[in-house]
Structures are given as structure tokens and as C-alpha cells.
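Chemist: let me see the structure of the following:
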Amino acid sequence: MAVSTIITVGRQYGSGGRYVARLLAEKLGIPFYDKELLAEVAKDSGFNEDLLQEHDEKNTRNFLFSMMGSGQTLGDTGSMYLDMPLNHRIFLAQFDTIRRIAGQGPCVIVGRCADYLLRDQPKVLNVFIKADREERIRRIVEYYGADALRAEEMIKKSDKQRASYYNYYATGTWGDVNNYDLCVDTGALGIVGAVDLIAACVDIMERNDKDKDPKVW
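Modeler: Numbers count the residues shown, from 1 in each chain. Predicted coordinates:
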């Protein structure tokens, strides 16, 4: 189906969120950005892609990020950022690229505070993918070959890293249901079920935009 909605996807580690997002993009026939986003940032900013990977979704230093609310971009205010630490400039370059990509049309963007960054944009569906710990451990053991103890450590480390990044730069709480339009449990629904549910929500948003909800008195 032809869509005009941008979907952002936050995810717990081991929930299958990236896989859900990729299959969703394929189902809807729209671009998908996870690690692919780094190549776009590299083209836009000139940063080396390996360097971007090193800093990806990592809150490595404290940074007063109040200029995010100004709507300014790295491209038109680059002189403001010349004295900033490297990781701060990388964050800003990534955010500028997310804005550019979203401005080009419907797509699926995984993580990287995209829900917060695009909070004032129309036609955005913010999704969070979760699963209970046992299901996440099972998935990591199956797909990455780790033992259960190692899988538990990977979950703690990755979720802590993503939460730290989001909670600082988005000035919110990672995983808080109030930040999202839809929370999906892949343990309960499975990967395909999660994709179908999100696609159905996109369809509802598209139809509501055309027809609008009737008044309820």
C-alpha cells in the first residue's frame, strides 16, 4: 500500500526490533534506516563512517543540548559548533540527516532519538518494540550463539547504553509508554505479528488523515 507516514522504532535489545522495522519497511515499500543511516550521515557531513559507528547511540560525554529546541541545523549554523567536542558534532550531524531523510518522505528509522527529534512533524508513528527478558535471552542465544549468561549481560549493557543516550539527548525516558504511539511485544505477537500490527496502525493513520474521525458527542 502507498503510505505517507514516517515510522520511528525504539527497541529493547534482543526484542527483534531491528528485524521488525526492516520487514515493515519492505512490506510498506519505503526506505529503511538503521546502520544505513550512518552512510547517509557520512555523505552529508564528511565524517568517516567508522568514526560514526564508534559513536553511534552512545552518550559518551555530558552535553547541554538546549539548542535542539531551536530547530537549527548543522548545515546552516555550522560555525556555532566548530569548538564543540567531536562526539557532539557527530550527534548534531546525525540529527540533521534524520531531519533531511524525514523531509524526503515516508521511511522507517530505528532508534537514535528519532521519535523525539521528529516530535513536531506531522504523519509520524512512534513505535517501541519490547519482549520479556526470557524471550530476549532465547532470541540472543538462538541468533547470536551466546550462552544464557552472556545474553543476559548483553541485554543489560545494550539497554543501559540506549537508555543513557536517549534519556540525555531526548530529555525524556527511554521506553516510557508516554513517548510512543504504539508499544508492541514480539514475545506475545511474534515478528510477523508485530509487523502486521504496525502496518495496520499505519493504515488506520492514513485513512484517518483522509476521512478524519467523526465527532463523538
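Chemist: what packs against the helix ranked longest in the chain?
Modeler: Ordering each helix of the chain by length in residues (DSSP state H) puts helix 186-211 first. The contact analysis (3 or more C-beta pairs under 8 Å, 6 or more residues apart in numbering; DSSP states H and E) places helix 186-211 against helix 17-28, strand 124-130, helix 133-144, strand 182-185. (Each C-beta comes from the backbone N, C-alpha and C, glycine too.)
Chemist: helix or strand next in line after the one helix or strand Glu54 maps to, which one?
Modeler: Using DSSP states H and E, Glu54 sits within helix 49-55. Where DSSP H and E defines the elements, the next helix or strand beyond helix 49-55 is helix 86-104.
Chemist: name the residues that touch whatever helix or strand comes next after that next one?
Modeler: Of the helices and strands lying after helix 86-104 in sequence (DSSP H and E), the nearest is strand 108-110. Contacts of strand 108-110 from elsewhere in the structure, counted by C-beta atoms under 8 Å, 6 or more residues apart in numbering, are 6-9, 11, 17-18, 21-22, 24-25, 28, 30-34, 37, 98, 101-102.
Chemist: quick one: buried residues of strand 108-110?
Modeler: By neighbour count with 16 or more other C-beta atoms under 10 Å, strand 108-110 contains the buried residues Val108, Ile109, Val110.
Chemist: got those residues as JSON lines, with pLDDT columns?
Modeler: What follows is those, written out as JSON lines (pLDDT from 0 to 100):
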{"residue": "Val108", "pLDDT": "98"}
{"residue": "Ile109", "pLDDT": "97"}
{"residue": "Val110", "pLDDT": "97"}
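Chemist: correct me, but Asp34 touches Arg18?
Modeler: Yes. Using C-beta atoms under 8 Å, Asp34 is in contact with Arg18, at 5.5 Å.
Chemist: pick out the residue nearest the middle of the chain.
Modeler: In the chain, the residue lying closest to the centroid (C-alpha atoms, centre = their mean) is Gly111, at 2.2 Å.
Chemist: so which elements touch the least confident helix or strand in the chain by mean pLDDT?
Modeler: Using mean pLDDT, DSSP states H and E, helix 49-55 stands out as the lowest-scoring helix or strand of the chain, at a mean of 83. Judged by 3+ C-beta pairs under 8 Å, 6+ apart, helix 49-55 is in contact with helix 36-45, helix 86-104.
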